[in-house]
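>>> build me a structure from this.
(chains A and B)
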Amino acid sequence: MTDEIKNERRLGTVISGSLTQGVQVKLDPAKSVEDIAVGRYVAIRGEKKRFFGMITDISLEAVDPRALVMPPDISDPFIAEVVSGTTTFGKLRVLPMQTISAAAGGGEGPQPAKTVPAHFSQVELASQADVESVFGKEDARRFYIGTPLDMETKICLDMVELVKRSNGVFGKSGTGKTFLTRMLLIGMMQKSKSTSLIFDMHNEYGWEGTSEKEHKVKGLKQLFPGSVAVFSLDESYDKRRKVKSDFTVKIGWDEIEPEDIQMLRYVLNLTEAAVQAVYELAKEFTDEKWLEQTLQAFDSDSSVLVEKLKIHEGTWRNLRRGLRQLTRFKFLVRHAPEDTVKTILEYISSGKSVVLQFGGYDDIAAYVLVANLLTRRIYNQWREKVDRALAEESKQPDQLVITIEEAHRFLNPEIASQTIFGKIAREMRKYRVTILVIDQRPSGIDEEVMSQLGTKIICLLDNEKDVDAVLTGVAGKSELKAVLSKLESKQQALIFGHALPMPVVVKIREYGSAESYKTLGPLHGGTPRVNADKLDDLWT
Amino acid sequence: MDLDKQIAEVIETSNSEFLAQCYELDAVPAFGSLVKTRSRDCQIYALVCASGTHSIEQGRRIVARGQGAASPAEVFKAHPQLAKLLCSDFRALVVGHDRGGVIREYLPPSPAGIYAFVYACKPEEVRLFTGSLDFLDLLIDSRLPAATDEVIAAFLRFASLTHEAPQEFLVKAGKGLAWLLSNDIRRLDSLLKRLRI
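Just a heads-up that it's a prediction; the model follows:
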């Protein structure tokens, strides 16, 4: 590297600071604060170590406070140029996060920073080599997710580590959560050998999705037809879109259990007493037929039944209004012709990911009902499978990742302890099932669940409560908060947690153009199952 | 002006400054320009910080003689003895020295020699000397016959013209002054205003 480049990168010198608060860096006079951005990476050349950190704040300072009260005559461009960086100067706050061996060629690799660089250490913008040495290169287990701000270096996530724990994607509506999730799912399929079950409420992941600019982008099935199966709840939607799904999901009334109704309590606006009545009704009728019979009871004279079960009239009315909402879902039939759970598990066991599209049923009640019902039964069977594999000491099944949207509906503090998703987030890691939660209101998610999320990927959030919720328990919270609030509203995300060594602000990799599909490469590092060129011919 | 020819001779000297008498009447170097002379063991650089012309005898006042003359030159023509009775001299502030080919911007170990010849510095020498701005430290706290800031500003303006990018040099010097005067914004402001070419 020439000295000239080094000088161009040079930002300033460390003047004070602490490990917890970050170090203060006085900006060189030649550098303008306006060229610096929060979230950028810097390298600090300490006496013995090279530190890698992130800019978390930028401030304006003056050598003498009087200069601020009686500023020099800066209407004169010459005087303005002279005082900039001398009498007045810029100051950066840098959070040292990793130490890289100062010796050329790496050494022992990056380690979390346990000290700060010495006084007057030189600070420079991180080079590509610095970023690579911290985040690693794209390889068999690392997936290229995006680039740091103002750099071309690839930031890679360790997908094998990522899928071992539950993860979260958060951000306001319209900040690119769906694109980001699609990218993550592709990464998981390519690099981690995990299979996914995706509850696709808005039909974005399976066959094709739409971008903000209203043009269509390819879904997982188009990219990896051999490895993805699209299940659909809504045949008429498939017909309208002229796509064929691999399986049409029907759910029998006899499959719905009182627990499923309990999960729908807030969605269907049921009272606590109504939920209790559901359990009573299930006990009264035979377990399987209870819902069908209850619905019939709504239509006939139910006074005897109500009397017998001591259900208050108001509660009965509340229950009737709530449960009748379910009857408009066409995918609910008296008895399902095929066992959906079995089919999903067959696909998953053969290594295929399943996208369950909700078609026209973009109703939260349908989503919560189906996702809960299927996941609970899949969980039970998966658990048996893992236990069996453990007992027989045979090969354990691959990791299963279940993706849910609108996660706060499943994981809010009132019901998180009861839903299957809460259970998976808390303890299913050992049964090789994790969840990927996607949500725009993280403050609505139970704290315990949030704390169990391994890696959090956060697009722009501006609600104070939401920001606090995602950053609870994270080191350097206030600094990350500053970074988070300054994210651009699109294609940028703050990622931190288990799958990467330090928090990172990423400009998310492009998705949607023919070129971007080509760069996604083959599945599982083997030969491509689909030729991207041919796909373009087919779909453009 | 022939820059290889001496212009004056040191007639009063100390570690920090010297007084030099010019060979020609009124031929004093410009205020704020850089001159050089020698001490016992090194070459000394100094800034012209005051200059003037006066009678060679302290008790003898100069009187006006030009009534009715068309120009001052006619006065000298009418009174040729005047050129011998008057002299021009200048006071220079030592700002650095050169020993063994290395310029050092602090006071030399010995003062300029008495009767040492004084030369005006060539543009190249001024450029080299102002390659570093450490001399500003010496200047800023000096007590001079003229206002210190006037001398500093005059020298920086003079030196800037020897650089390829005068404005860039002045900004660099200005930043140096801003550091030194960080606790005196008013003085810095007025000094910077005098740096405009």
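
>>> every contact and neighbour count from this point should use C-alpha atoms.
Fine.

>>> outline the domain layout of chain A.
Per the record, chain A has its domains at A:3-135, A:159-249+A:344-539, A:253-328, by automatic domain parsing.

>>> most centrally placed residue in the chain?
As the question left the chain open, I've gone with chain A. residue A:169 (2.0 Å; CA atoms, centre = their mean).

>>> wrong one, I was asking about chain B
Geometric middle of chain B (CA atoms, centre = their mean) lands on residue B:48, at 1.1 Å.

>>> give me the spatial nearest neighbour of it, chain neighbours excluded.
residue B:92 (4.3 Å; CA to CA, 6 or more residues apart in numbering or on different chains).

>>> if we can go back for a sec, quick one: contacts for the residue nearest to the centre of chain B?
Residues in contact with residue B:48 (CA atoms under 8 Å, 6 or more residues apart in numbering or on different chains) are B:29-35, B:90-93, B:151.

>>> what score does it have for pLDDT?
For residue B:48, the model assigns a pLDDT of 95.

>>> what helix or strand does it sit in?
Assigned by DSSP states H and E, residue B:48 falls within strand B:43-55.

>>> can you point out the buried residues in that strand?
B:43-51, B:53-55 (16 or more other CA atoms under 10 Å in any protein chain shown).

>>> out of the residues you listed, which is nearest to residue A:445?
Closest approach to residue A:445 among the buried residues of strand B:43-55 (CA to CA): residue B:47, at 74.8 Å.

>>> what bridges to that closest one?
residue B:34, residue B:93 (DSSP bridges).

>>> separation between it and residue B:139?
10 Å (CA to CA, to the nearest Å).

>>> common neighbours of the two, please.
In contact with both residue B:47 and residue B:139: residue B:95, using CA under 8 Å, 6+ apart.

>>> next, residue 189: secondary structure please.
Just going to use chain A. Counting by DSSP: H, G, I helix; E, B strand; the rest coil, the backbone at residue A:189 sits in helix.

>>> let's do chain B instead
helix.

>>> check which helix or strand covers the nearest residue to it once chain neighbours are set aside.
Spatial nearest neighbour of residue B:189, chain neighbours left out: residue A:72 (5.5 Å); criterion: CA to CA, 6+ apart. Following DSSP H and E, one finds residue A:72 outside all helices and strands.

>>> I'd say residue A:72 and residue B:187 touch.
No - using CA atoms under 8 Å, residue A:72 is not in contact with residue B:187; the gap is 9.7 Å.

>>> so the two - more neighbours on which side?
residue A:72 (20 against 15; other CA atoms under 10 Å in any protein chain shown).

>>> check that one and give its pLDDT.
82.

>>> give me the number of residues near the residue nearest to residue B:48?
Other residues close to residue B:92 by other CA under 10 Å number 27.

>>> need the contact list for it.
Here residue B:92 is in contact with B:17-20, B:35, B:46-50 (criterion: CA under 8 Å, 6+ apart).

>>> distance between stretch B:9-26 and the chain's centre?
10 Å (CA atoms, centre = their mean, to the nearest Å).

>>> tell me, how many residues neighbour residue A:232?
Count around residue A:232 with other CA under 10 Å applied: 25.

>>> ok, it - contacts?
With the criterion set at CA under 8 Å, 6+ apart, residue A:232 makes contact with A:238, A:245-249, A:356-359.

>>> JSON lines for those, including neighbour count, pLDDT and distance to chain B?
Below are the contacts of residue A:232 laid out as JSON lines (neighbours: other CA atoms under 10 Å in any protein chain shown; pLDDT from 0 to 100; distance: CA to the nearest CA, whole Å):
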{"residue": "A:238", "neighbour count": "17", "pLDDT": "80", "distance to chain B": "70"}
{"residue": "A:245", "neighbour count": "21", "pLDDT": "83", "distance to chain B": "70"}
{"residue": "A:246", "neighbour count": "13", "pLDDT": "86", "distance to chain B": "72"}
{"residue": "A:247", "neighbour count": "17", "pLDDT": "88", "distance to chain B": "74"}
{"residue": "A:248", "neighbour count": "19", "pLDDT": "88", "distance to chain B": "74"}
{"residue": "A:249", "neighbour count": "25", "pLDDT": "88", "distance to chain B": "74"}
{"residue": "A:356", "neighbour count": "26", "pLDDT": "90", "distance to chain B": "66"}
{"residue": "A:357", "neighbour count": "29", "pLDDT": "88", "distance to chain B": "65"}
{"residue": "A:358", "neighbour count": "24", "pLDDT": "86", "distance to chain B": "66"}
{"residue": "A:359", "neighbour count": "20", "pLDDT": "84", "distance to chain B": "67"}
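
>>> quickly find the element holding residue A:422.
helix A:420-427.

>>> so which residues make contact with that helix?
So helix A:420-427 is contacted by A:166, A:372, A:375-376, A:379, A:410-411, A:416-417, A:433-435, A:448-449, A:452-453 (CA under 8 Å, 6+ apart).

>>> what does the pLDDT read for residue 102?
You didn't pick a chain, so chain A it is. 58.

>>> my bad, chain B
pLDDT, residue B:102: 93.

>>> which secondary structure state does the residue in chain B positioned nearest to chain A sit in?
The minimum distance from chain B to chain A, using CA to the nearest CA, falls at residue B:175 (5.1 Å). Applying three-state DSSP to residue B:175 yields a three-state assignment of helix.

>>> from residue A:318, how far out is the closest residue to residue A:272 other than its chain neighbours?
Excluding the flanking residues, the one nearest residue A:272 by CA to CA, 6+ apart is residue A:265, at 7.9 Å. Distance of residue A:265 to residue A:318, given as CA to CA: 11 Å.
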